[in-house]
Structures are given as C-alpha cells and as structure tokens.
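Asks: give the three-dimensional model of this entry:
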Amino acid sequence: MEASVYLDNIPFSGETEDTYELISKVAYLIGVPKRIFVNEFEPPKLEIYHTMDLDKNARIIRNLCIIRTSIERNFKHINNLMRSEYRSILTMPEYVPQECLRQLNEDGVNFIRKSSTRLSQHIVEINRLLCDRINNCKDLFPIWINWEYLRELFIMPNGLTEAGTKTASDLYYSNLACYPYKMYINWTPKNEGNILYNDKKFATLLYQWHHDFFTDLSMVSDAKDSVKGNIYSFLDNSGKTLLVVDCENSDPYKLCGMLNNLNEEELLKISQILLFDDVNASSAWEMLSEYTAIPVDHMLVERLKQDKSLVDIRLAARVCQEHYQNHVDSFVIVSSDSDFWGLISSLPDAKFLVAIERDNCGPDMRRALEEANIFYCYLDSFYTGNSEQIKFSALFKEMRQYLERTVRLNLNDMLSESLRRARIEMTTTERRQFYNKYLRQMSLAVDDNGDVSFEFRVK
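Replies: Alright, predicted model coming up:
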C-alpha cells in the first residue's frame, strides 16, 4: 500500500495535551491576579478571564474572595489601623484593593455593616455573602464536574463565627506557599505543586480530596497539535474526502468532540459525512448534522435477521462505489471494527485516515495500520467537555419519547371525569375559569427517588 509521506511518516498518535478552561474559571473566581492570566507562561487563560468578568455573579464572587484573602494576608496590619487610628478598610488601599470595593458597590453588594466593630466580623459577613451567592455561579461550570466539590472551595469552615475565621486564618497563614497563587480556598493545604496547573491535575486532586475518583479524562484533555496537524495534512493532500462512520462501533459524542476541536476551515475540505447507522445504535446520530457545517447523509440500515447487522457490508459497498464511480480519493473511516481492514487493504489507490477508540480497537488492527503507514488517531483523545449540547439534545429527545409512550393525560378529560364523580355541575364559564385558574397552573413535584406527582396551586 502507498506510503503516507504527507503525514511526516508519523503513522499514529494517541497523545493528548492539557486543557485549561476549568482551572481558568476557578482561578478567576478565587481571585488570582489578572497579571497571571496575562502571562502566557502561566496556565490560566486570559480569554476566559474576559468572559468571566462580564458575568455579574462571577465578578461578585471574585471580588469577595480577593478582599477576604487580602484581609487574611494582612490581618494584623489592618486590625492595628482599625483599633489605633479608627480607620475603615475603605481607606486602606495598601491592604484592601479599592477597585474590588468599587466593583462590589456597583454590583449592589456591601459587606460592611455598622454593627461590625471588629475585623473578623467583616470576614464573617464576606463568608455569609459567599455562602449565599456561590451557587449563582453553578451554571458557569459543566455538569460533568461535581459542583458540590467546587462549591466547598469557597466556603470557609465554621466561617460564620469569629472562632472559625481565626482557625482558617491561622491555617492559611502558616501554609501560605501551598495555596494556589496564595489565594485562600477551603482545603487541607499540602505541597501538591500548582493545583491549577491544568484541568486534568485539578479535577483529579479535587475528587481525591473527597475520597472520589475523576475518570473521564476526555473532559480535561485534548488531542495534541501534532495529531490535529496530521489530520489537516491528510485533508490538504487529498482531492476529495469523505468521512465515513460505522455508527455501531463509534461514539457520537466522541466524534462530535473531534469535530468541535478541529479547525472548521480545514474540516470543510471534507465533502460529506456518511453515517451508516443500525436501528439499535444511539439516537444521537440523528442529530449530528445540527452540530457540524459538513453535509451529513444519515443512512439507517435495516436488519434482515434480528441478530445480524448489515452496516459493515453497506459501508464497504458505498466506499467502493464512491471511489470507483465518484472518484473520491480519500476517506476518513470512523470505526474500531477490525473487519474494515479488508476494505482498506482492497483499495490500494485510495488514501485512508482511521479514527478509533482506544479500548475498542484491538492490537492487530493497530499493527496493520502502522505497518501500512496509515495514520490513525484516537477519538478518546479529543476534548469532549464542550459536547454537552448534543448529549442533552439526545437525552431530551429520548425523554420526550418516553413520556409520549408512558404518559397519557388530557386535562379536559380529567376535569369532566372528576366533575362527574364528585357530582358537581359547572357552567361553561365556570369550567373555563376553573381550568385557567387551577389546571393551567398545575405543576410537577419530584421526590429524591425520581417519583413524580402533580400539585394544584389552591389558595
């Protein structure tokens, strides 16, 4: 088979590189200085700083955390000035950032109470505001990260008492070098290096602190630039390219992650995506066309025998047809099925790039690809943290279909039957007014077990 010299003689790669979205958001909220984001050699990313800074809820949490840390770090100096010179922290720019105070005031937040005569009482009030407001930032983070674990970082233990603030202050000051960029967070400080080094390290440690394990590394890493570069080289050196997907042996969310994290201009060199879908495969394949600008042809392959899929033979036949009749010279095959090696090896004049899943593709297939100098990449290597939208769309679709199959409720029929059984007569006007006042306002109540009941708003 023809050597793929246009891929710089690198036949395969499964390496990943770091992502920084999660740690950049955390760094912003806990008050890491903007100069750290500006520094290109530091992990937090400036574009995320700018995005977060436009969000009022995030801005409030950041400014409260900065002021809390400033007080903790300079407690002795501030306290002496308050006691000896009767100064307010509003007049101590050398210790308390006035810009943070100004922004809080503009955002309608004030932690300084007339009844607060001691510095520790300011910290108590800041802690109260953080407890009340931190959940406003929940939607800034994806659901794949445990929000309760993140939330705890902002909540000072026993922080609504002066004794609790002193304990936290003593712990912070004696372990200052262990805190990320010396900003206060609620944790047991230890020498972990920079815990905001990248998303993978932070998520792993965050879960470990709660005796848990973070396992989905595709949420916190992405394929290396070298992997993406080889894909671009393949497309650049191809005449006409089709992306062909074996839906039975591929994950739609991982493929969506791959498409989301490749350059859109380069991807448009792919003429079409051909989906060969079995009736038992994920319903998310039906939605892929909504998440890519590449034209998608979705073919649902029926089964003649219930236990026998025809996807692979239909896919192979279509690839041969496209190559010989439509003069397609290059194919990106998305499948971990080794049966497709027969197809690849039977078309020596075609160029192939194969996207596989690490745990679903055996060593024999990988070895054959390597020996033929055919580049393959792992779908698992691409970042999937930004693929929530297609997941939710597929999930909501399935839930709507479930409700349509299992729930049959007509409110007019319910009202008619209830009136009959209760032996109540209503005029047309009474019935309409009752319907609008009570039935249209009916709501669902869901308990912790997921059981659903209906509630009427009766005053």
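
Asks: low-confidence stretches in this protein?
Replies: In the predicted model of the chain, residues 1-15, 115-117, 303-308, 459 satisfy pLDDT under 70.

Asks: tell me the domain boundaries of it?
Replies: 5-14+221-389, 20-215, 409-455 (automatic domain parsing).

Asks: would a markdown table of those with mean neighbour count be doable?
Replies: C-beta here means a position set from N, CA and C on the backbone, and glycine is covered the same way. Formatted as a markdown table, these follow (neighbours: other CB atoms under 10 Å):
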| stretch | mean neighbour count |
| --- | --- |
| domain 5-14+221-389 | 18 |
| domain 20-215 | 17 |
| domain 409-455 | 10 |
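
Asks: for Arg400, find the nearest of the ones you listed.
Replies: In terms of CB to CB, the element of the domains of the chain nearest to Arg400 is domain 5-14+221-389, at 11.2 Å.

Asks: for the closest one, the distance to its chain's centre please.
Replies: The chain centre lies 24 Å from the centre of domain 5-14+221-389; the measure is CA atoms, centre = their mean, to the nearest Å.

Asks: use 52 as the first number for this chain going forward.
Replies: From this message on, residue numbering opens at 52, which makes the last subject domain 56-65+272-440.

Asks: can I get the domains of the chain in TSV with distance to Glu449?
Replies: Converted to TSV, the domains of the chain look like this (distance: least, CB to CB, whole Å):
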stretch	distance to Glu449
domain 56-65+272-440	6
domain 71-266	17
domain 460-506	15
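
Asks: which one of those domains lies nearest to Leu454?
Replies: Among those, the nearest to Leu454 by CB to CB is domain 460-506 (9.9 Å).

Asks: the closest one spans what distance, first to last residue?
Replies: Domain 460-506 has an end-to-end distance of 14 Å (CA to CA, to the nearest Å).

Asks: where does the nearest residue to Asp380 once chain neighbours are set aside land in three-state SS?
Replies: What sits nearest to Asp380 in space, not counting adjacent residues and going by CB to CB, 6 or more residues apart in numbering, is Gly290, at 4.6 Å. Gly290 carries the three-state label coil when classified by DSSP: H, G, I helix; E, B strand; the rest coil.

Asks: looks like Gly290 contacts Phe382 (just checking).
Replies: No: using CB atoms under 8 Å, Gly290 is not in contact with Phe382, being 11.8 Å away.

Asks: who touches stretch 489-498?
Replies: By CB atoms under 8 Å, 6 or more residues apart in numbering, the list of residues contacting stretch 489-498 from outside reads Leu462, Met465, Leu466, Val503, Ser504, Phe505, Glu506, Phe507, Arg508, Val509.

Asks: go again using 7 Å as the cut-off
Replies: Leu462, Leu466, Val503, Ser504, Phe505, Glu506, Phe507, Arg508, Val509 (CB atoms under 7 Å, 6 or more residues apart in numbering).

Asks: of those, closest to Glu341?
Replies: Val503 (29.2 Å).

Asks: roughly how far apart are that closest one and Met465?
Replies: Between Val503 and Met465 the distance is 16 Å, computed by CB to CB, to the nearest Å.

Asks: all helices of the stretch 202-351 of the chain, in order?
Replies: Along the stretch 202-351 of the chain, the stretches classed as helices by DSSP state H, counting those that start in this stretch are 213-225, 250-259, 276-287, 303-311, 315-318.

Asks: now the ones you listed as CSV including distance to Asn187?
Replies: Listed next are the helices of the stretch 202-351 of the chain as CSV, based on distance: least, CB to CB, whole Å:
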stretch, distance to Asn187
helix 213-225, 23
helix 250-259, 20
helix 276-287, 36
helix 303-311, 27
helix 315-318, 33
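
Asks: ok, which of those helices comes nearest Ser387?
Replies: Taking the helices of the stretch 202-351 of the chain one by one with CB to CB, helix 303-311 is closest: 10.7 Å.

Asks: and that closest one with helix 276-287, angle?
Replies: Angle, helix 303-311 to helix 276-287, by axes from the mean of the first three to the mean of the last three CA atoms, to 10 degrees: 80 degrees.

Asks: contacts for helix 303-311?
Replies: By CB under 7 Å, 6+ apart, the list of residues contacting helix 303-311 from outside reads 269, 296, 318, 333, 335-336, 339, 342-343, 385, 406, 408, 430-431, 433-435, 437-438, 441-442.

Asks: in strands, which of those appear?
Replies: Judged by DSSP state E, the contacts of helix 303-311 include Val296, Val385, Ala406 as members of strands.

Asks: with these in mind, which one is nearest to Phe192?
Replies: Distances from Phe192 to these, taken by CB to CB, are shortest for Ala406, at 28.7 Å.

Asks: Three-state assignment for the residue nearest to Asp267 when sequence neighbours are not counted, please.
Replies: In this structure, Asp267 finds its nearest non-sequential neighbour in Trp195, 6.6 Å apart by CB to CB, 6+ apart. At Trp195 the chain is in coil, as set by three-state DSSP.

Asks: try Lys448
Replies: The three-state assignment at Lys448 reads helix, by three-state DSSP.

Asks: that one reaches Ala335, doesn't it?
Replies: No: using CB atoms under 7 Å as the test, Lys448 is too far from Ala335 to be in contact (8.6 Å).

Asks: now for the contacts of stretch 489-498, which pair is the farthest apart?
Replies: Longest span within the contacts of stretch 489-498, CB to CB: Leu466 and Val503, 20.0 Å.

Asks: quote the end-to-end distance of stretch 303-317.
Replies: 20 Å.

Asks: picking up where we left off before, next, the residue nearest to Asp380: phi, psi?
Replies: phi -80, psi -60 (degrees, to the nearest 10).
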